[in-house]
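S.K.: Test case, fold it:
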Amino acid sequence: MILTFPHMGNMYIVVKGLLEYLDLDVVIPPFSSQKTLNLGVKYAPEFACLPLKINLGNLIEARQLGADTIIMAGGVGPCRFGLYAQVEKEILHELGYEYDTLVLEPPDKHLGQFIMRLKKIIGTNSWRKVIEAIKFSYQKACAIDLVERKVQYLRPREKRIGTVDIIYKHVLNTIDNAQSYISLQEATGLGLLKLEQVPVNDDLRIIKIGLIGEIYTLLEPFVNLEIEKELGKLGVEVTRSLYLSEWINSHLLMNYSKREKVKPFVQLAKPYLNYFVGGHGRETIGYAVGFSQEGFHGLIQIAPLTCMPEIVAHSILPKVREECNIPILTIYVDEQSGKAGLVTRLEAFIDLIRRQLENQRRIAK
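M.R.: Predicted coordinates:
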């Protein structure tokens, strides 16, 4: 059994860490690229959302590298993600790519359910080792997010654009290669130390933007056209509504880690959306309200074209914008999206926010 899984941002480091800890064979697909997208677009249904198309491309490329078993997360509610595994398996079968599929559904009641769903892939490993593997891989997710937040803070402030991302790439590699808690702590600590030494401009007026929306389009740089890097170049510090370790803790580990504070997005969303609409629609609204209360200057919603939960959220955001007095930009992505168009829209949005802030300062004087 040679395992593989689709890409979603830096998730490959976490899943690879889990599987390798259990001494299982794993193939990481090549990072998502135009080739990956072309494969997915060619074989996926035309109106399938972008994540499914790129996932399909990932799995075709992984099969060509020898993988024979797919690990996929499952989903619940009115979101097509819960059907991905079956749809992709059928398409791959028609193409002659035979795969076994293991779907890890989120637990309904307790962490034990998630562990039991791992049973098919743990082989001869003891349950104790499985739990250790889960803890270790979760620590990798926490380390990645800690470094990511530092990178998001530094990008708009660095004196030489690109310095932070060079260090960031190196730190991710060292976290990926860490085989023990000690080496993971060393990789994280040294990485943060290197980032602290990046020369910065302290006299800049930084714009703070909250990124909200569907998790895949938030976490996968190829899909969102590296929006965080582009915003950094425009002097924008970003914070996302979803980070990998938080999502793992709340959706798979049932808030097992008390270190991760559960964000009250459900309560914040209630005046606007008081029920589950699938995907991350309710988080989008809740975090929009939360970011506005924390003094963010604007919000950007990112979602796949035709994503129903985010379309529901999009229809509610104008009311949030009006009552919370915060600018909001919505960006839908599909296979036709291009970086030039994205950058133009971002530049216009950030210029709008800067003008509004400047007018507020004049009035205050």
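S.K.: Does residue 57 touch residue 35 like I think?
M.R.: Yes: using C-beta atoms under 8 Å, residue 57 is in contact with residue 35, at 7.4 Å. Backbone N, C-alpha and C define where each C-beta goes, glycine included.
S.K.: wait, doesn't residue 67 sit right on residue 6?
M.R.: No: checked against C-beta under 8 Å, the pair residue 67 and residue 6 is beyond contact range at 11.2 Å.
S.K.: Report the set of residues contacting both of those two.
M.R.: With contacts defined as C-beta atoms under 8 Å, 6 or more residues apart in numbering, the residues adjacent to both residue 67 and residue 6 are 29, 59.
S.K.: what about these two, which has more around it?
M.R.: Higher neighbour count among residue 67 and residue 6: residue 6, with 27 against 23, using other C-beta atoms under 10 Å.
S.K.: Helix, strand, or coil at the more buried one?
M.R.: Secondary structure, DSSP: H, G, I helix; E, B strand; the rest coil: residue 6 is coil.
S.K.: so what's the most centrally placed residue in the chain closest to, chain neighbours aside?
M.R.: Centroid check for the chain by C-alpha atoms, centre = their mean gives residue 219 as the closest residue, at 2.3 Å. Ranked by C-beta to C-beta, 6 or more residues apart in numbering and with sequence neighbours excluded, the top spatial neighbour of residue 219 is residue 9, at 3.3 Å.
S.K.: Who are the contact partners of that neighbour?
M.R.: For residue 9, counting by C-beta under 8 Å, 6+ apart, the contacting residues are 219-221, 244.
S.K.: Buried subset of the residues you listed as a ChimeraX selection?
M.R.: The buried subset of the contacts of residue 9, as determined by 16 or more other C-beta atoms under 10 Å, is captured in ChimeraX by this line:
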select :219,220,244
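S.K.: Of the contacts of residue 9, just say which sits nearest to residue 40.
M.R.: The shortest approach to residue 40 among the contacts of residue 9 belongs to residue 220, at 12.8 Å (C-beta to C-beta).
S.K.: doesn't residue 7 make contact with that closest one?
M.R.: Yes: here residue 220 reaches residue 7: they are 6.6 Å apart, a contact under C-beta under 8 Å.
S.K.: what's the model's confidence in the helix ranked longest in the chain, averaged?
M.R.: Among all segments of the chain classified by DSSP state H, the helix with the greatest residue count is helix 127-154. The predicted model gives helix 127-154 an average pLDDT of 94.
S.K.: which helices and strands does the helix or strand following it pack with?
M.R.: Proceeding N to C from helix 127-154, the next assigned helix or strand is helix 163-177, under DSSP states H and E. If contacts are counted by 3 or more C-beta pairs under 8 Å, 6 or more residues apart in numbering; DSSP states H and E, helix 163-177 sits against helix 11-21, helix 127-154, helix 181-196.
S.K.: Any regions of the stretch 251-365 of the chain where pLDDT drops low?
M.R.: 252, 254-263 (pLDDT under 70).
S.K.: Tell me where it has strands.
M.R.: Per DSSP state E, counting those that start in this stretch, the stretch 251-365 of the chain carries strands over the ranges 298-304, 328-333.
S.K.: Format those as CSV; extra columns: distance to residue 230 and mean neighbour count.
M.R.: CSV is the format used below for the strands of the stretch 251-365 of the chain (distance: least, C-beta to C-beta, whole Å; neighbours: other C-beta atoms under 10 Å):
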stretch, distance to residue 230, mean neighbour count
strand 298-304, 11, 25
strand 328-333, 11, 20
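S.K.: Could you export stretch 180-192 as CSV, keeping only the C-alpha atoms?
M.R.: The C-alpha coordinates for stretch 180-192 follow below in CSV (Å, rounded to 0.1, in the frame of the first residue of the first chain):
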residue,chain,number,x,y,z
SER,A,180,11.3,14.1,16.6
TYR,A,181,9.9,16.6,19.0
ILE,A,182,13.3,18.0,19.7
SER,A,183,14.3,18.5,16.1
LEU,A,184,10.8,20.0,15.4
GLN,A,185,11.3,22.5,18.3
GLU,A,186,14.8,23.3,17.0
ALA,A,187,13.5,23.9,13.5
THR,A,188,10.7,26.1,14.6
GLY,A,189,12.9,28.1,17.0
LEU,A,190,15.7,28.7,14.5
GLY,A,191,13.2,29.6,11.9
LEU,A,192,11.5,32.2,14.1
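S.K.: and that stretch, which residues are buried?
M.R.: Neighbour-count burial for stretch 180-192 [16+ other C-beta under 10 Å]: 184, 187-188, 191.
S.K.: Make CSV from those residues and add pLDDT and distance to residue 23 to it.
M.R.: CSV is the format used below for the buried residues of stretch 180-192 (pLDDT from 0 to 100; distance: C-beta to C-beta, whole Å):
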residue, pLDDT, distance to residue 23
184, 97, 18
187, 97, 21
188, 97, 24
191, 97, 27
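S.K.: if we take these, which one ends up nearest to residue 92?
M.R.: The nearest member of the buried residues of stretch 180-192 to residue 92, counting by C-beta to C-beta, is residue 184 at 34.3 Å.
S.K.: circling back to that earlier point, residue 57 and residue 35 - which one has more neighbours?
M.R.: Applying other C-beta under 10 Å to residue 57 and residue 35 shows that residue 57 carries more neighbours, namely 27 against 12.
S.K.: So the more buried one versus residue 274, what's the distance?
M.R.: Spatial separation of residue 57 from residue 274 under the definition C-beta to C-beta, to the nearest Å is 38 Å.
S.K.: Check residue 185 too.
M.R.: Note on residue 185: its distance to residue 274, by C-beta to C-beta, is 42 Å.
S.K.: Then residue 290?
M.R.: Using C-beta to C-beta, we find residue 290 at a distance of 16 Å from residue 274.
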